[in-house]
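> from the sequence below, what's the structure:
(2 chains)
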2 protein chains.
Amino acid sequence: MSDSPAPLEHETFPRGEENPFGRHFTGKSYLHLLSTDQATIGNVTFEPGCRNHWHVHRATSGGGQILLITGGRGWYQEWGRPARALKAGDVVNVPADVKHWHGAAADSWFAHLAVEVPAENGSTEWCEPVSDEEYAAL
Amino acid sequence: MSDSPAPLEHETFPRGEENPFGRHFTGKSYLHLLSTDQATIGNVTFEPGCRNHWHVHRATSGGGQILLITGGRGWYQEWGRPARALKAGDVVNVPADVKHWHGAAADSWFAHLAVEVPAENGSTEWCEPVSDEEYAAL
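Numbering: from 1, shown residues only, chains lettered A, B, ... in the order given. All right, here's what the predicted structure looks like:
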């Protein structure tokens, strides 16, 4: 018998496999690529407490991501700013060149689509993990 | 008492208002813009039988749309090709410069996100309606 939170009731898009970028995450996440043509769009599902490391979407033009929250509850935070609580139906415009992280709440699964905004010279710069102390203080 | 199909059980994103582009649709649809920054993303909901007119996303570079089906059942068809049946979880990459339409099945509500791929000199060329005969033959 476990008291861990129930998985999402409703998953519109396939959950996919364990996230191949998992080394840049704390905890377990899943990635299913919905589009690699025209624009890359991934369905990312986070187990409770899972979040990615601080990171920056670099680009000389365009770039960044748009997060479309499809289930559960989670967080988005930009460096030096308060974290924003997220739930299904919410949208986050993540600008290029802004250090940030996103992930699940401690007590909820969380899923979002990540739409990569086409970029010139786009890349992702991965930084330090969100520490347990930072995360516990949310 | 009505025997019309039930609305979607699960609507992740707001349905929004009656579609301001309704003159290019047969039947009633709704549009809620989720992002107008970085890339335009709309949540489009179609009543049963509703479909947009044949149209073309024009662009000199980039352009087109990516449709992410979030609920119900519907259709996508490119000019001169068989229609493709769609359901929640499906994805359609709509290339620029390809004449096409999309919309609900006759007996189901239908909802998709439409991600507009950033374009140079992007515009939409609206053409003739999908006739009742074409639609009934699906």
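> which of the helices or strands spans residue A:114?
strand A:110-116 (DSSP states H and E).
> and the next helix or strand after that strand, what other elements does it pack with?
Sequence-wise, the next helix or strand downstream of strand A:110-116 (DSSP H and E) is strand A:119-120. Using 3 or more C-beta pairs under 8 Å, 6 or more residues apart in numbering or on different chains; DSSP states H and E, the elements in contact with strand A:119-120 are strand A:61-62. (C-beta placed from N, C-alpha, C; glycine too.)
> quick one, the strand holding residue A:114 and strand B:110-116 angle?
40 degrees (axes from the mean of the first three to the mean of the last three C-alpha atoms, to 10 degrees).
> give me the sheet partners of strand A:110-116 and which way each runs.
Applying DSSP bridges, strand A:110-116 is found paired with strand A:41-46 (antiparallel), strand A:65-78 (antiparallel).
> dump the C-alpha coordinates for it into CSV.
The C-alpha coordinates for strand A:110-116 follow below in CSV (Å, rounded to 0.1, in the frame of the first residue of the first chain):
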residue,chain,number,x,y,z
PHE,A,110,2.3,17.2,-14.0
ALA,A,111,2.2,17.2,-17.8
HIS,A,112,2.9,19.9,-20.3
LEU,A,113,3.4,20.2,-24.0
ALA,A,114,6.7,22.1,-24.8
VAL,A,115,6.6,23.9,-28.1
GLU,A,116,10.1,24.9,-29.2
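> so how far is that strand off the chain centroid?
Distance, stretch centre to chain centre, for strand A:110-116: 6 Å (C-alpha atoms, centre = their mean, to the nearest Å).
> and that strand, what's its mean pLDDT?
For strand A:110-116, mean pLDDT rounds to 98.
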